[in-house]
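Visitor: Give me the fold of what follows.
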Amino acid sequence: MQDLSLYFRALGDRKRFRIAVYLALHEQVSVTQLGAELRLSQPLISWHLRILRRSGIVKTQRTGRQVLCSLNRRVLQGYGLRVEETFGLERVDQQEAAEAPRSLEPASRR
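Guide: A predicted model of the protein is given here:
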């Protein structure tokens, strides 16, 4: 449960959510480029990346003086599965499928 609260806290902030979405669209981005693209100062982008790294959503890799970051898709997928299990979302999908009409024909034609 603790890790899910980290996940929601990490993505609950608009700036961090924008960072995650931007990284989802790009393979790997330098912190400098990320800050420039999202119009965030270096200290602010570093603060938000630290929170995203601690939750495991973002990975960073130092290459010389440059820090590259990318979305950790495997961790995000794991969080998604835990959210489904915790809130019983897979049961909802099964119930909706069972309740869905089996045919597009009107009931009078059956």
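Visitor: looking at this, residue 69 is in a strand?
Guide: Yes - per DSSP: H, G, I helix; E, B strand; the rest coil, residue 69 lies within a strand segment.
Visitor: and the residue nearest to it when sequence neighbours are not counted, how many residues sit next to it?
Guide: Leaving aside its sequence neighbours, residue 69 sits nearest to residue 60 (C-beta to C-beta, 6 or more residues apart in numbering; 4.8 Å). C-beta coordinates here come from the backbone N, C-alpha and C atoms, glycine included. For residue 60, the count of nearby residues is 15 (other C-beta atoms under 10 Å).
Visitor: So for stretch 42-55, what gets flagged as buried?
Guide: Residues of stretch 42-55 classed as buried: 45, 48-49, 51-52, 55 (neighbour count, 16 or more other C-beta atoms under 10 Å).
Visitor: what's the answer for stretch 59-66, then?
Guide: residue 59.
Visitor: can you map out the helices along this structure?
Guide: 2-11, 14-25, 31-38, 42-55, 73-87, 89-99 (DSSP state H).
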